[in-house]
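Trainee: give me a model of this one.
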Amino acid sequence: MLTNFTRETLDLMKHSLANGQPLHKGVTIATGLTFYDLLAPSKNIYPVITPLRNSIPRVRRVNASDAARWRQVTALTGSGYDAMGWVPEGQRSGTMSYTTAQKSASYVTIGEEDYLTFEAEAAAQGLEDENSMVTLRLLQKMMRKEEIGLLGGNASLQLGTPSAPTLSASGTGATLPTATYSVIVVALTLEGWKNASLSGGIATTKTITGADSRTFVLNGGSSNKSSNTTQAITLGQTLFASVAALQGAVAYAWFVGTAGNETLQAITTLNSVALSVSLTSGRQAATVVTTDSSANPNLAFDGLLTQSLNPSNFAYVNTLATGTAGTGTTLTASGRGSVIEIDTMLQSMWDNYRISPTVLYVNSQELKNITNKVLGTGTSSLLRYDAAASAGMPYGVIAGGTIEFYFNPFASDGGTKMPIKVHPDLPPGTLIAYAEHLPEWYQNNEVPNVAEVLTRRDYYRMDWPPRTRQREYGVYAEEVLAVYATFGLGVITNIANG
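Mentor: Okay, the predicted model is just below:
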């Protein structure tokens, strides 16, 4: 039976239609009465680039204790004249001697945690298995953190305190106001450079509150601040500053202002800077830097770059000259399709240790610069281009190009092609050559790899007991990077762009 309300509604509709009047209300997309088209699963759009983690051999250690230890025999010295083996008839040679060293590398723990509330887990049904996806993302973030550690982890290389910067002023056309400016500099490790920004400042120390509510402190990768230097300038002049390069630093933070009011104004991957415009207000003050926070002893291990830059090791290191402040020193084209500084590094590693790098890791800036040096004017005649062509058919030309391999002539077999790879975590101005494997004339000691990741306990997931209505996860690993032959590493740093 129709109610009075329903009958009245029908009568109004009939009346409207009979008089040719349109209905004034209707359903449109704007009303929201539509299906919610959510594509499953979620789209994880973030890079997970881990070339070192993917390529360095991982070795599981059985009965591992607090540290991995090994003895190194680094030289055999013959009796008499080391280069002469002559012995008279019927007589015996003298006895050779050994050069040995005790090495150790302490195991440390790396980890990351995440959680999933019960409500989120239930609400995600039909979209994706959120339990698995949380673990996947957690694993990927852990891998990225490990990659940065394998490259630039720092347990032992303390930067200390930089020297006072050297200042000068010259030129015309700048807009830096007339004043007497004070400059302080702080050196940064690779970790420090990764943690720094002009808006957020440089990292000194940070107290981390773990998921268990316990705290620990991490050093952010910055040196202590230098003493200040002052320079008077007039409107139109540019303020130039430079500092003696610190081995172990890949970047420098510059604090500028009136004396006692210096704030962060620039972060450079050179040991110099040029300031030509008005200072930006609201930046981090130099007063927050009170101590050397460059390393994390007992918590970290030394990465490849850190071990290379450590003066106590035998890696090749070339810190390019300061040059003109704010401009620096660029790589140098040889004029024969190569780069002088890279050639010098490769020759030194061969002449001193009979070793040849197998890969060259660079920043995108340095890949571009190397390409320009190799393909610049005067070298194009050394290049060969191959293109398919058929009689009567058009041909195609592809614009652009880069250097995929660098030929290393310093090898016993006549030379090798060394791939050049862009590493996502190397700063501009630094490149690292890495011999991934010892050549066969070293391998009679059963150490084929220059470096290995020794694991006391490799990647494992922790499912913590519920303490609230959410699932809590952790992914951890207990490991150390053992570099048996640091002479298989080479670094060129303080490279200017150009």
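Trainee: Gly337 reaches Gly376, doesn't it?
Mentor: No - with contact defined as C-beta atoms under 8 Å, Gly337 does not reach Gly376; the gap is 9.5 Å. For every residue, glycine as well, the C-beta is placed using N, CA and C.
Trainee: and the two? Which one has more around it.
Mentor: The residue with more neighbours, out of Gly337 and Gly376, is Gly337; 19 against 12, by other C-beta atoms under 10 Å.
Trainee: pLDDT at that one, what is it?
Mentor: Listed pLDDT for Gly337 reads 87.
Trainee: from Thr229, how far off is it?
Mentor: Noted for Gly337: a distance of 43 Å to Thr229, by C-beta to C-beta, to the nearest Å.
Trainee: what of Leu426?
Mentor: Relative to Thr229, and taking C-beta to C-beta, Leu426 is found at 30 Å.
Trainee: neighbour count: the two, which is higher?
Mentor: A count of neighbours by other C-beta under 10 Å puts Leu426 above the other of Leu426 and Thr229, at 23 against 18.
Trainee: check contacts around that one.
Mentor: Taking C-beta atoms under 8 Å, 6 or more residues apart in numbering, we find Leu426 in contact with 151, 190, 305, 361-363, 366, 432.
Trainee: kindly recompute the last result at 6 Å.
Mentor: 361, 363 (C-beta atoms under 6 Å, 6 or more residues apart in numbering).
Trainee: ok but it is inside a helix, no?
Mentor: No - counting by DSSP: H, G, I helix; E, B strand; the rest coil, Leu426 is not part of a helix but coil.
Trainee: can you pull the contacts of the spatially closest residue to Arg457 that is not a sequence neighbour?
Mentor: In space, and not counting its chain neighbours, Arg457 is closest to Glu478: 4.3 Å by C-beta to C-beta, 6 or more residues apart in numbering. Going by C-beta under 6 Å, 6+ apart, Glu478 touches 107, 109, 456-457.
Trainee: mind checking which of these are in strands?
Mentor: 109, 456-457 (DSSP state E).
Trainee: filter those residues down to the buried ones.
Mentor: Arg456 (16 or more other C-beta atoms under 10 Å).
Trainee: between the ones in strands among the contacts of Glu478, which is nearest Thr100?
Mentor: Nearest to Thr100 among the ones in strands among the contacts of Glu478: Arg456, at 25.4 Å, using C-beta to C-beta.
Trainee: distance from the helix or strand where Leu139 lies to the middle of the chain?
Mentor: Using DSSP states H and E, Leu139 sits within helix 130-152. Taking C-alpha atoms, centre = their mean, to the nearest Å, one finds the center of helix 130-152 at 15 Å from the center of the full chain.
Trainee: who touches it?
Mentor: 48, 50, 52-53, 110, 112, 114, 116, 121, 124, 190-191, 303-306, 425, 473, 475, 481.
Trainee: buried ones among these?
Mentor: Judged by 16+ other C-beta under 10 Å, buried ones among the contacts of helix 130-152: 50, 52-53, 110, 112, 116, 124, 190-191, 303-306, 425, 473, 475, 481.
Trainee: which of the residues you listed fall in strands?
Mentor: 110, 112, 116, 473, 475, 481.
Trainee: show me which pair in these is furthest apart.
Mentor: Spatial extent of these (C-beta to C-beta) is set by the pair Leu116 and Leu481 at 31.9 Å.
Trainee: give me the contacts around stretch 29-47.
Mentor: So stretch 29-47 is contacted by 27, 127-128 (C-beta under 6 Å, 6+ apart).
Trainee: need phi/psi at the residue nearest to the spatial centre of the chain.
Mentor: The structure's the chain has its C-alpha centroid closest to Asp425; by C-alpha atoms, centre = their mean the separation is 2.2 Å. Main-chain dihedrals, Asp425, degrees, to the nearest 10: phi -110, psi 0.
Trainee: now swap in the one 4 residues further on and tell me
Mentor: Torsion angles at Gly429 (phi, psi; degrees, to the nearest 10) stand at phi 90, psi 0.
Trainee: surely it and Ile495 touch.
Mentor: Yes - contact criterion C-beta atoms under 6 Å: Gly429 and Ile495 qualify, at 4.5 Å.
Trainee: more neighbours: these two, which one.
Mentor: Taking neighbours as other C-beta under 10 Å, Gly429 and Ile495 compare with Ile495 leading, 26 against 23.
Trainee: and the more buried one, what does it touch?
Mentor: Per C-beta under 6 Å, 6+ apart, neighbours of Ile495: 320, 429.
Trainee: and with 8 Å instead?
Mentor: 320, 328-331, 366, 369, 428-431.
Trainee: which one of those is nearest Gln102?
Mentor: Among the contacts of Ile495, Thr430 lies closest to Gln102 (C-beta to C-beta), at 30.8 Å.
Trainee: what about the closest one, how many residues nearby?
Mentor: So Thr430, with other C-beta under 10 Å, has 28 neighbours.
Trainee: contacting residues for it?
Mentor: 250, 269, 305, 363, 366, 491-495.
Trainee: next one: Glu366
Mentor: Applying C-beta under 8 Å, 6+ apart, the residues near Glu366 are 331, 426, 428-431, 495.
Trainee: which secondary structure state is assigned to it?
Mentor: Per three-state DSSP, Glu366 ends up helix.
Trainee: show the model's pLDDT score for it.
Mentor: 96.
Trainee: that one and Thr402: what is the separation?
Mentor: 11 Å.
Trainee: equivalent analysis for Thr95, please.
Mentor: In terms of C-beta to C-beta, Thr95 sits 54 Å off from Thr402.
Trainee: compare the two (neighbour count), which wins?
Mentor: Taking neighbours as other C-beta under 10 Å, Thr95 and Thr402 compare with Thr402 leading, 13 against 7.
Trainee: ok, the nearest residue to that one once chain neighbours are set aside - contacts?
Mentor: In space, and not counting its chain neighbours, Thr402 is closest to Thr371: 4.9 Å by C-beta to C-beta, 6+ apart. Thr371 sits next to 401-403 when contact means C-beta under 8 Å, 6+ apart.
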